[in-house]
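>>> 3D, please:
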Amino acid sequence: MKKLIFFFLVFSILFTEAIYSQTNPDYTHDISAGPFIRLPAVFKNSTQYAIKAKVTNLGTSAETGVPVRFYINNIYANSTTKNLTAGQIDSVSFNWTTPDTGYFNIKIITVLAADEYRINDTVKATVYVYPGTYLHCIGTESFAIGYPFYTYYMDSKTDMLYTAAEIGSGGQSGIISKMGFYVNSAAPQVMNGFKIKLQNTTLSSISSFTQTGWSEVFSANYTVPGTDWQYVNLQNPFYYTGSNLLVEICFNNSSYTANSVILGSNSPGRVFHNHMDLSSGDGCVNIITGSEQSTLPNICFIITPFVGVNKNIQTGVPKEFLLGQNYPNPFNPETIISYQLPVSSNVKLIVYDALGKEIAILVNERLSPGKYETIWDASNYSSGVYYYRLECDNFTDVKKMVLIK
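Now for the predicted structure:
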């Protein structure tokens, strides 16, 4: 039944678009703006961005010197002109240096004096400018340890717990994009099937491996590149809620060499680890027992504060369920999806490819009434049409988005 509803909604979207394209009228003078070609999903303050949009001559007459203007919060910021033959598609680009944090309305408007169809003159978006990224490092002592890169054995798994107070975000949510360890000596052994997993948690200590609730943020073969601070760029940036944070690192080798040495600090009850020679098993799956360790690896996180990701971003309670159109759209590689809930609900936000195959679950939790936003990073996906579906207790909706690389 759910599949039937999904394909019906997809068909409705495509049918509506087909009807619109057939009934869009022709004019002698008609210059349209949009969609955005370049509109970052995340803006940081005091940073310059290029905002780019299509402009199209839909009229039958060639136009010269067409004014195109750029507005921020309805205040004129810049302009340019374009010469467009009938049917020609071109683009305009404006640079914008974000002045502060908060919401901003961005508009690009074509203002041809003779334009006969004003409805399509404007492309606009509301964006949120976030504080810049910050680096926070945990651990000041220099105890030498072998985990989490324990390559003296074939397989290894390490769970590590870092507290909100140590991370120091003040309870503010953010996107973790990188994490690093201080390497005292680096072994050349490749760690096959190397995985990093993260999860927000209320735990204050650990005495076993956590089996559920993980978000896999990195999966590839990995070699510690050298000594000093060594960072891993997360393939899937992680939404950190401002709580305590669990980190799991594991790998699956068929050989072993010397061990990399990491520096750590004394923190009993915060590390659970094991290493084994599993010639026919996978350390990430088959290591399920281990022992508590007293030394917590020193670690650094690069975090972009992200007020609003799965947080209530408006005052008051919405009157109805709503799934918003993602922005930017088309996008590359990130886009923001917004939705609102009038009542507490179990919420699931799922991404499908053009064939209806589920490829990502962005949200799967119970949420209070409010308006929410979440990011989808499509860096690992190819250009094409995708669909996102919101499932709540008493509401379901599907919308289309386009990834262009």
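>>> the longest strand in this protein is where?
strand 261-276 (DSSP state E).
>>> care to break the protein down by domain?
What automatic domain parsing lists as the domains of the chain is 26-130, 134-305, 322-403.
>>> give me the next element, helix or strand, following the helix or strand that contains Asn200.
Following DSSP states H and E, one finds Asn200 within strand 191-201. For strand 191-201, the following helix or strand on the C-terminal side (DSSP H and E) is strand 215-222.
>>> follow-up on the earlier one: what's the offset of the strand holding Asn200 from the middle of its chain?
17 Å (Cα atoms, centre = their mean, to the nearest Å).
>>> pLDDT below threshold where in the stretch 301-405 of the chain?
305-317 (pLDDT under 70).
>>> now the helices for this protein?
Secondary structure of the chain (DSSP state H): helices at 2-23, 164-167, 283-286.
>>> quickly, which of these bottoms out on average pLDDT?
Lowest mean pLDDT within the helices of the chain: helix 2-23, at a mean of 41.
>>> mind putting the domains of the chain into a markdown table with mean neighbour count?
Just so you know, the C-beta spots here come from the backbone N, C-alpha and C atoms, and that holds for glycine as well. Converted to a markdown table, the domains of the chain look like this (neighbours: other Cβ atoms under 10 Å):
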| stretch | mean neighbour count |
| --- | --- |
| domain 26-130 | 16 |
| domain 134-305 | 18 |
| domain 322-403 | 17 |
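>>> what sits up against stretch 200-210?
Stretch 200-210 is contacted by residues 157, 159, 161, 163, 199, 213, 240-241, 243-246, 248, 269-272, 287-290, 292 when judged by Cβ atoms under 8 Å, 6 or more residues apart in numbering.
>>> what is the end-to-end distance of it?
12 Å (Cα to Cα, to the nearest Å).
>>> cool, and stretch 370-386?
Stretch 370-386: ends 26 Å apart by Cα to Cα.
>>> ok, now stretch 96-113?
First-to-last residue span, stretch 96-113, Cα to Cα: 26 Å.
>>> quick one: mean pLDDT over it.
Regarding stretch 96-113, the rounded mean pLDDT is 88.
>>> run the chain-centre distance for it.
Its chain's C-alpha centre and that of stretch 96-113 lie 23 Å apart, by Cα atoms, centre = their mean.
>>> same question for stretch 392-405.
16 Å.
>>> now swap in stretch 142-161 and tell me
That offset, for stretch 142-161, works out to 29 Å (Cα atoms, centre = their mean).
>>> you'd agree Asn83 is up against Gly65?
Yes. Shown here, Asn83 and Gly65 form a contact pair, counting by Cβ atoms under 8 Å, at 6.8 Å.
>>> could I get the full set of strands for the stretch 1-150 of the chain?
Using DSSP state E, counting those that start in this stretch, the strands assigned to the stretch 1-150 of the chain run over residues 31-38, 43-44, 48-57, 63-72, 75-84, 89-97, 102-110, 122-130, 134-138, 143-145.
>>> for the ones you listed, which one sits closest to Ile404?
Closest to Ile404 of the strands of the stretch 1-150 of the chain, according to Cβ to Cβ: strand 31-38, at 7.9 Å.
>>> which residues sit against the closest one?
For strand 31-38, contacts defined as Cβ under 8 Å, 6+ apart pick out 50-59, 63, 66, 68, 84, 91, 93, 108-110, 112, 115, 120-123, 125, 328-330, 404.
>>> strands paired with it, and their directions?
strand 48-57 (antiparallel) (DSSP bridges).
>>> using PDB, write out every CA atom in the strand it pairs with.
Provided in PDB are the C-alpha atoms of strand 48-57 (Å, rounded to 0.1, in the frame of the first residue of the first chain):
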ATOM      1  CA  GLN A  48      31.800  35.200   0.200                       C
ATOM      2  CA  TYR A  49      29.500  33.100  -1.900                       C
ATOM      3  CA  ALA A  50      28.600  33.100  -5.600                       C
ATOM      4  CA  ILE A  51      24.900  33.000  -6.200                       C
ATOM      5  CA  LYS A  52      24.000  31.900  -9.700                       C
ATOM      6  CA  ALA A  53      20.700  31.500 -11.500                       C
ATOM      7  CA  LYS A  54      19.400  30.800 -15.000                       C
ATOM      8  CA  VAL A  55      17.800  33.600 -17.100                       C
ATOM      9  CA  THR A  56      15.900  32.600 -20.200                       C
ATOM     10  CA  ASN A  57      14.300  34.500 -23.100                       C
END
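>>> wait, what's in contact with Phe149?
Residues counted as contacts of Phe149 (Cβ under 8 Å, 6+ apart) are 156, 181, 183, 187, 191, 224, 249, 259-260, 262.
>>> any idea how far it lies from Pro297?
Going from Phe149 to Pro297 by Cβ to Cβ, to the nearest Å gives 9 Å.
>>> so what sits against both of those two?
By Cβ under 8 Å, 6+ apart, the residues touching both Phe149 and Pro297 are 181, 262.
>>> apart from its chain neighbours, what residue comes closest to Val363?
Leu349 (4.0 Å; Cβ to Cβ, 6 or more residues apart in numbering).
>>> what does Gly290 give?
Asn274 (3.2 Å).
>>> dig out what the one you found forms beta bridges with.
Lys157.
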